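In: Just need the structure, nothing else, for what follows:
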Amino acid sequence: MQTIYSKRIREILRAFKGKEMIVVGDIMLDHFIKGSVSRISPEAPVPVVAVNKEFFVAGGAGNVAVNLAALGARPTLVSVVGRDAGGELLKDFLRKQNVNISGIAEDYDRPTTQKIRVMAEQQQIVRYDRESKHPVAHAVAGECMKSFETALKTAKGVILSDYAKGMLTDKNIKTLIESCRKKKVPVCVDPKIDNFKKYKNITCMTPNTKEAWEGAGLSPKSGEEAMENLGWKILKMLNADSILITRSADGMSLFEKGKKKSVTVKATAREVFDVTGAGDTVISVFTLALACGAKLHEAAVLANYAAGIVVAKSGTATVTPKEIEKELP
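Out: Numbers count the residues shown, from 1 in each chain. Presented below is the predicted three-dimensional model:
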């Protein structure tokens, strides 16, 4: 039985290549400045960082798209950047990662969202942000929705990556989900608490435990019974096909409409180095698997293997089908 199941998982992995996907959401430019500290500034009681490395990567919905590209898919990113240097850097990075950026619009009136982190070895000293959280201008949002509708003609799966920076407005959320439902394309959501309850009628939502409790408006409780009640409550609240709650060392819990019990996927045993971006990897693999015809529990198993790989890597990392296949029994 195990051999048959592993064979099925491998079939799904092989179907990843070339699959057209759409990511809609808030993108940002992650700017890392790294160095070492050996003294305190004479000007103020702060460390002096001797910079030896500086680089840029895509964050937010951009990292989801990069994850999909690493898995062999063909992602189209629908989002907004400012008409500035940060926007050009971000688009250039995404282009080099094989992400289709034709759906990225420019807004004169807002900056490209940037997170600038100053690191001393592995310790973050300070982070400063450049961003606007206002809803995207009506004309720009309309341009993005046109790009989405064009891409949806051939796409097999859609991910909504919400970081509450203004891309996913109430109107956009409803329109995006209705369009996916009409085309019978799976639409999965990585939510921001502010918009949690707005994502109704979706294929799946993938909150972590903290997000699930906060999104449901409940105080956290321990134990499997509490987790079971939480999952079914969210499923009913959103009228979703499924809810996948990621639980760190406890793996994942999948709640599926029409089922009486949840399915728990145990975490793969490995040392956790860095959880940065693990949620992006989970929703990328999960949705891509659904786009390839996987059942919900099969997609959850694949996402769990991928998460186990990516948390063992440093920084915002991605995973490849070959890496996942090596982990299979």
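
In: Every contact and neighbour count from this point should use C-alpha atoms.
Out: Will do.

In: Would you check how far apart the nearest residue to Leu328 once chain neighbours are set aside and Ala70 are?
Out: With sequence-adjacent residues excluded and distances taken as C-alpha to C-alpha, 6 or more residues apart in numbering, Leu328 is closest to Ser6, at 6.7 Å. To Ala70, Ser6 is 22 Å away according to C-alpha to C-alpha, to the nearest Å.

In: so what's the spatially most central residue of the chain up against?
Out: The centre of the chain sits closest to Asp280, judged by C-alpha atoms, centre = their mean, with a distance of 2.9 Å. When contacts are counted by C-alpha atoms under 8 Å, 6 or more residues apart in numbering, Asp280 touches Asn63, Val64, Asn67, Asp190.

In: circling back: you'd agree the residue nearest to Leu328 is up against Glu325?
Out: No: using C-alpha atoms under 8 Å, Ser6 is not in contact with Glu325; the gap is 9.2 Å.

In: Mind checking which of the two has more residues around it?
Out: Glu325 (17 against 14; other C-alpha atoms under 10 Å).

In: Could you report the pLDDT at the more buried one?
Out: With respect to pLDDT, Glu325 scores 89.

In: Validate this expectation: Ala240 resides in a strand.
Out: No: under DSSP: H, G, I helix; E, B strand; the rest coil, Ala240 sits outside any strand and is assigned coil.

In: And for it, the neighbour number?
Out: Ala240 has 20 nearby residues by other C-alpha under 10 Å.

In: Dihedrals phi and psi, it?
Out: With angles defined as degrees, to the nearest 10, Ala240 sits at phi -90, psi 160.

In: repeat for Glu54
Out: Dihedral angles for Glu54 - degrees, to the nearest 10 - are phi -150, psi 130.

In: before we move on, the earlier item: helix, strand, or coil at the residue nearest to the centre of the chain?
Out: Recorded secondary structure, Asp280: helix (three-state DSSP).

In: And it, how far from Ala299?
Out: Going from Asp280 to Ala299 by C-alpha to C-alpha gives 14 Å.

In: One more: Ile177?
Out: 20 Å.

In: tell me the strands in the protein, going along the chain?
Out: Per DSSP state E, the chain carries strands over the ranges 20-25, 27-40, 47-60, 74-82, 100-107, 114-120, 123-130, 157-161, 187-190, 204-205, 242-246, 252-256, 263-265.

In: out of those, nearest to Gly293?
Out: Closest to Gly293 of those, according to C-alpha to C-alpha: strand 157-161, at 10.4 Å.

In: got the contact list for the closest one?
Out: 20-26, 60-61, 64, 180, 185-191, 283-284, 287-288, 290-291.

In: from those, which would you call buried?
Out: 20-26, 60-61, 64, 180, 185-191, 283-284, 287-288, 290-291 (16 or more other C-alpha atoms under 10 Å).

In: dump the residue contacts of Ala278.
Out: Neighbouring residues of Ala278 by C-alpha under 8 Å, 6+ apart: Ala307, Val310, Val311, Thr316, Ala317.

In: how about 7 Å then?
Out: Ala307, Val310, Val311 (C-alpha atoms under 7 Å, 6 or more residues apart in numbering).

In: repeat for Ser253
Out: The contact partners of Ser253, by C-alpha under 7 Å, 6+ apart, come to Leu244, Ile245, Thr246, Ser262, Val263, Thr264, Val265.

In: how much space between Ser248 and Ile283?
Out: 14 Å.

In: what does Cys144 give?
Out: For Cys144, the distance to Ile283 equals 22 Å [C-alpha to C-alpha].

In: can you check Val118 too?
Out: Going from Val118 to Ile283 by C-alpha to C-alpha gives 28 Å.

In: likewise Val57?
Out: According to C-alpha to C-alpha, Val57 and Ile283 sit 19 Å apart.

In: ok, now Tyr108?
Out: On the measure of C-alpha to C-alpha, Tyr108 and Ile283 end up 31 Å apart.

In: before we move on, what about Ala294?
Out: For Ala294, the distance to Ile283 - C-alpha to C-alpha - is 14 Å.

In: and the two most separated of the contacts of Ser253?
Out: Largest separation among the contacts of Ser253 by C-alpha to C-alpha: Thr246 and Ser262, giving 12.9 Å.

In: okay, the two: which has more neighbours?
Out: A direct count of neighbours by other C-alpha under 10 Å for Thr246 and Ser262 places Thr246 higher, at 28 against 20.

In: surely that one meets Ala212?
Out: No: with contact defined as C-alpha atoms under 7 Å, Thr246 does not reach Ala212; the gap is 9.2 Å.

In: any low-confidence regions in the stretch 1-150 of the chain?
Out: The model of the stretch 1-150 of the chain has pLDDT under 70 over residues 1-5.

In: So in terms of bridging, what pairs with Cys188?
Out: Beta bridges link Cys188 to Ile159, Cys204, judged by DSSP bridges.

In: quick one: contacts for it?
Out: Going by C-alpha under 7 Å, 6+ apart, Cys188 touches Val158, Ile159, Leu160, Ile202, Thr203, Cys204, Met205, Thr287.
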